[in-house]
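**Q** model the structure of this input:
(chains A and B)
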Amino acid sequence: MRTLLTGLAAVAVMAAAATAGSDHAAVAPQAGTPVPTPGGRAAAPAPRTGTGVLIGRVVEGESGRPVQGVLVSLTGSGATQKVQVDGQGRFLFTNLPDGEFQIGATKAGYFGGQSGQRAPKGPARPVALGAAERRGDLTLRLWKFAVIAGRVVGDNGEPAVGLDVNLIERRLVDGQRVMANRPFPTVTTDDRGAFRFSNVLPGEYLVLARTPADMGQRVLMAIAMTDPSAIASVASRAAGSGHIEDAVEIDSTLRVYPTTFYPSVMSPAEAEPIVVAAGEDRSGIDIRARVVGVGTVAGILTHQAQPVAGARLWLTTGAGEGGEVEVVSASTRPDGRFVMAGVPVGAYTLRATRIPAQTGAFAARGRATGQPVLPADPAVWATQPVVVGDAASRSMVIEAQAGARFRGRIEWSGAAPRPQPEQMANLRLMVVNAAPGPGAFPVSVGRIEADGTFTTVGLPPGRYRLRLDGPAPWRAGSATAEGVDLLDVPRSVGASDVNDVVITMIDTPTASLTGVVRDARGTPDPDAVVLVLPGDERLIGDRRMRTLRTTRDGAFSAPGLPAGDYVVVASDDRQVDAGLDRAAIVRLIQSGTRVTLNDGERKTVDLRGGSR
Amino acid sequence: MSRLVATATVTVLMTMTGAGQQAPVRDVRTAAPTGTAAIIGTTVSDAPGNPAVPFAQVGILGLDSGVIRVTSSDGEGRFQLANLPPGRYLVSGLKPPFVGAIFGARQSGRAGTPIAVTEGEQRTGVVLRLTRGSVITGIVNDEFGQPAADVTLMLTTAAGGTLQQQVMTMAFTPPQVTDDRGMYRFSGLPPGEYLITAMHSDRFDRDARVLSTEEVDAALRSLGDAPPAPPASSQVPPTTVVSPTPVPPTGMNLGSSMPGLAMLMAGSGGGGGYSPVYYPGTVDASEAQPVRVAAGEEREGIDLVARRVPTSRIQGQVIGIDGQPATGAQLRLLPVNPGEIMSLPLMAVSSGTRVGSDGRFTMDRVPPGRYTLEARTFAQGGSPIQGAAGLGAIVGQMPRAQHYASVDVTVVSHQPTTGVELRVQSGSTIAGRLIFNATTLERPKDFSNVMVTLTPASQADLFLGLGGGANFGRIAEDGTFTIEGVVPGRYLITATVSDVAQLLRWMPSSVVVAGREMTDLPVDVKPGEDIRGVAVTLTDAQQEVSGTLQDASGRPAPDFTILLFPADRAYWFPNSRRVLAARPGTDGFFAFKGPLGPPPGEYLLAAVTDLAPEDQYKPTFLAEVAKAAIPIRVAAGQVTRQDVRISR
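**A** Model prediction:
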């Protein structure tokens, strides 16, 4: 039944999208609240000017050929300019003050284009210009998107028409391949079973196809739309139950295509990933799929004999195999009951989570007004295997457990005055999920009492780190539980609370690392990439890892490092852009320059190597 | 389909998606109706020989028993719908890329034949003939001959389609986006005539100045010169322009042969964004060329040139009743010739425009064309209906419109239209009271879920009216209502109960305006004239007209359509509530009943061999049909039985 509204919504959204980026937001009118701006754009502050000049060209990243029809924007140091490149793909900015500028090139069908970018996913670097300086040597690189295309073929080789096809990216994060939380926008197979993703960034992807969830209802909608008496009949059934999924009987003989991964497998672990580089066209990604019947998953979620309302439920495939994909989701109703109809038969994992909302954490503009008020109801979760098609899946009784919490206290180690009670509001305790997926949330909060004890919300099982931001000069130095520092290393959490966590706040400044990268002849390398890595490979994570670009003088700077052992390595865009898996990171740790940093220290390390 | 049905459809469908109010949850599973009858058949294709279509979805809706079920045909196209209570059923089949088919429907988008089964009956031989879907495909290029990626294309039925047809087209043919090769493909289309609208995804950046080769060469050469002495102070007095002055291009470096284009790109045009483009490549909606496809036909090479024609802007001021600038005004832009779904982009334009405290406004992104620009101001504390633009409104707060103004505007693409003045005048007030006439149901306790609505009488405005432009009035505790600020025009006055549990149970039985019975008839709201003392009656009474249609030898004749329409021509207008059509079932039985049945009055009953939806309300068509019709009087709350026999 969503299809009608999807159609109408699609048109309305598209109409809105056609005006997206307008000076006015395309929202429903609010005539009761006149906006006192003069009709048109608000006047921007007058820009800074000077006599600096920047000239450059936009080229295609792989071939080096100039690109036409490109819009190039410059911002920074109080200046804003936009130009359309000339017939040779060149751009020109004049009347520039001194300072640093971000320059970016854009064109439909391309990505990248940021100043300093030398590889498709490489980091950008602002352009520095002195007073009245004139430079003509800039290059901006645009790369074409990749294409992944193919056909979905069903039984007897016939095209599988009208299926949803998705891409799921598998990205390297801190050395691990993880599945991106959100799949790509869905593409529907056409009458030939064909699909095409045209705007793909380089990377590694899984391709999956399945029958859309509302397929069964479209056949009914055709009747409803042509016959008024049918509408009256449907309306009375809908009114009777309040939930359309209760009124529509989906026969188990309904044939659908279950979630099928390229080339023809049912779990993400067995799927063949597709790796594409910039501009690469991977056609012929054909998926063979087979229809199966459907079943209903229904039941009730309880916790200590009480129904759990408003919990989110997921049926997933691939749990425990390094990548879980959601197949269908639903919510529990006020009486704790849930219904998921028309689910392809098969074995799944059912996950349920309810984390009641906390209140009071942030006021307008993100200013903390106080510590979050943790909800009185506990967070609860449940995980259970389900076989759709079995009678048991139609009348499940699932007992949820309370989520485990981190509990402990804050200690202060330093000479600075302790924060006043009203400043305690500025202490933000967060639990960071190391591997969020269906059933879990990326970041959760904790509450700190006036006496320095703290409790987090309950969490479903998973691996979590802690993070505590405090008012300067205080910062979290360590968060120790059973000898492990939870600021660095995620902790597996199961059914029990993690108690006696000690977070030590310190007032010493962080350390920083600077240096220069030189090539074999001793010339500073302005195009090098510097990697700062923890000396202990168990501490690989974003707290102790940095990826930096050298400046025009070959220099680099990494501030804000916690004390510890580090390794510094000079590399180049290409190597970094390809992505570093764990083995590569470990090799770099073993081969790089070691340096130990204590709190507040500033050390310099000069490196040989880099991009040349 | 009447406007009530259109409203009901959207309301019901929104309920189903959970977007409406939450009804209190009763039993999780209302027991599905069950019985001993069965409907058995096959899904086949309309290709020669009618080969079976395996694994098609088959849906069944019970008109009497409330069965709603979905199943599949098997590998040989056979399906079985068992355990049915006796009654009448509509059965449909769907398998992309085939167009969905309803049993007994002569064409896609038309009503089907209800299949009548008795207790224990096994009705076999039900053949669902699926039409092969048609395809429209092609390449979209830009004005330089380059493939245009990321362009969104929309299909609408060519002019003349009813509201129902346009909504169905949108529902079953979602928009397509061109890929990296500029290619698009619409598939699974019912045969017919379509218009194609293309919308760019990128926006025209009026601040970007186009560089010429000469300019860049000169700048490069000057790099070798000594730089000018830096000024004594690095603070240069700020200039008053926000962006660099547009430089007239000295060369057509974009490969364009359109002299106007470069000037547009240099930003001397007003507005931003690109106008929608209609196949084969015009920005003038009236010149859009329809594309016709037959059943199962693949039309290739339907290529479009997606010219980038920057939209323009309208600037002006809204002046209030007292001659002072009007604050808090809301604007609406309508094409001079409404009736196309393509005016949806205009809704986004309208809703994105702010009127400042001085009454001035700038409406950006207006495609070139001729329009009517309307302004409305609102009383304190009122705010218009919230909700997604263009969809059936989810009623939030009630509007309390006050004044309106309307002016015709022409917009051209390279020049802003400025100095538009909208001097508001008082809208009319429509006031009255609402009464419940309860016959079997208990009347609602209060009026909190009841609304009086004014829907514009024109079909085009109806669609726009579903989202914004309709007028609503809440009912006060004493049953009175007042709708202010009504823009002059022709409206149908009706009332609805918006509570999900009461959906369609209360229908208007009487709307008296100035002593005249105006139920289901458009009312003229004249400028400066109020209409007071309107009496609206909602009733739960329902009427029924039913019977059997037989051929000359007394056998059921299901292959016809029955029309029931008022004898009075005043009711013969698009989407009129009283012009009804129904298909007889396989047993020849037809019924007009339920909440969407005929209000009391004098009617004509006739049978026609086929009914195209666009003909249903045409006065010329109805006049012809009237010649062979049987007069019928429908009395309030009564069931009228009238059999019809086809004599050849």
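**Q** make it CA atoms for all contacts and neighbour counts henceforth
**A** Noted.
**Q** just the strands in the stretch 101-250 of chain B please.
**A** Remark: strands assigned in the stretch 101-250 of chain B by DSSP state E, counting those that start in this stretch are B:101-102, B:115-117, B:122-132, B:134-141, B:152-157, B:176-177, B:183-189, B:192-199, B:209-210.
**Q** wait, which of those is closest to A:Thr456?
**A** strand B:176-177 (45.6 Å; C-alpha to C-alpha).
**Q** for the closest one, packing partners?
**A** strand B:152-157, strand B:183-189 (3 or more C-alpha pairs under 8 Å, 6 or more residues apart in numbering or on different chains; DSSP states H and E).
**Q** 6 Å - rerun?
**A** Under the contact criterion of 3 or more C-alpha pairs under 6 Å, 6 or more residues apart in numbering or on different chains; DSSP states H and E, strand B:176-177 touches strand B:152-157.
**Q** dump the strands of the stretch 101-250 of chain B to CSV, plus distance to A:Ser512 and mean neighbour count.
**A** Below are the strands of the stretch 101-250 of chain B laid out as CSV (distance: least, C-alpha to C-alpha, whole Å; neighbours: other C-alpha atoms under 10 Å in any protein chain shown):
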stretch, distance to A:Ser512, mean neighbour count
strand B:101-102, 71, 30
strand B:115-117, 81, 22
strand B:122-132, 69, 21
strand B:134-141, 53, 23
strand B:152-157, 50, 23
strand B:176-177, 49, 20
strand B:183-189, 53, 24
strand B:192-199, 51, 22
strand B:209-210, 43, 27
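**Q** turn those into a markdown table, columns for mean pLDDT and distance to B:Leu521.
**A** Below are the strands of the stretch 101-250 of chain B laid out as a markdown table (pLDDT from 0 to 100; distance: least, C-alpha to C-alpha, whole Å):
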| stretch | mean pLDDT | distance to B:Leu521 |
| --- | --- | --- |
| strand B:101-102 | 92 | 32 |
| strand B:115-117 | 95 | 34 |
| strand B:122-132 | 94 | 39 |
| strand B:134-141 | 96 | 40 |
| strand B:152-157 | 86 | 28 |
| strand B:176-177 | 90 | 40 |
| strand B:183-189 | 94 | 36 |
| strand B:192-199 | 89 | 32 |
| strand B:209-210 | 84 | 57 |
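**Q** can you redo the ones you listed as CSV with distance to A:Met266?
**A** Shown next, in CSV, are those (distance: least, C-alpha to C-alpha, whole Å):
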stretch, distance to A:Met266
strand B:101-102, 33
strand B:115-117, 40
strand B:122-132, 31
strand B:134-141, 32
strand B:152-157, 33
strand B:176-177, 29
strand B:183-189, 28
strand B:192-199, 38
strand B:209-210, 52
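**Q** can you check which of the ones you listed gets nearest to B:Ala629?
**A** The nearest among the strands of the stretch 101-250 of chain B, by C-alpha to C-alpha, is strand B:115-117 at 25.3 Å.
**Q** tell me if that closest one is near chain A.
**A** No: judged by C-alpha under 6 Å from any C-alpha of the partner chain, strand B:115-117 stays clear of chain A, getting no closer than 13.0 Å.
**Q** ok, residues contacting that strand?
**A** Strand B:115-117 is contacted by residues B:Pro86, B:Gly87, B:Arg88, B:Tyr89, B:Gly585, B:Thr586 when judged by C-alpha atoms under 6 Å, 6 or more residues apart in numbering or on different chains.
**Q** count the neighbours of B:Ala326 for me.
**A** 27 (other C-alpha atoms under 10 Å in any protein chain shown).
**Q** doesn't B:Gly359 make contact with it?
**A** Yes: using C-alpha atoms under 6 Å, B:Ala326 makes contact with B:Gly359 at a distance of 4.9 Å.
**Q** who touches both of the two?
**A** Residues touching both B:Ala326 and B:Gly359 (C-alpha under 6 Å, 6+ apart) are B:Val318.
**Q** sorry, back to before: which of the contacts of strand B:115-117 lies closest to chain A?
**A** B:Tyr89 (9.2 Å; C-alpha to the nearest C-alpha).
**Q** what about the closest residue to the closest one other than its chain neighbours, how many neighbours?
**A** In space, and not counting its chain neighbours, B:Tyr89 is closest to B:Gly62: 4.5 Å by C-alpha to C-alpha, 6 or more residues apart in numbering or on different chains. For B:Gly62, the neighbour count with other C-alpha under 10 Å is 25.
**Q** distance check, B:Gly62 against B:Gly585.
**A** As judged by C-alpha to C-alpha, to the nearest Å, B:Gly62 and B:Gly585 stand 12 Å apart.
**Q** and for B:Ala52?
**A** From B:Ala52 to B:Gly585 the distance is 25 Å (C-alpha to C-alpha).
**Q** who's more crowded, these two?
**A** Higher neighbour count among B:Ala52 and B:Gly585: B:Gly585, with 26 against 23, using other C-alpha under 10 Å.
**Q** any low-confidence regions in the stretch 201-350 of chain A?
**A** Applying pLDDT under 70 to the stretch 201-350 of chain A flags residues A:235, A:238-245, A:321-322.
**Q** which strand or helix spans B:Ser448?
**A** Per DSSP states H and E: B:Ser448 is located in neither a helix nor a strand.
**Q** how many neighbours does it have?
**A** The tally of other residues near B:Ser448 (other C-alpha under 10 Å) stands at 14.
**Q** which pLDDT value goes with the nearest residue to it once chain neighbours are set aside?
**A** Leaving aside its sequence neighbours, B:Ser448 sits nearest to B:Ile475 (C-alpha to C-alpha, 6+ apart; 7.1 Å). Per-residue pLDDT puts B:Ile475 at 86.
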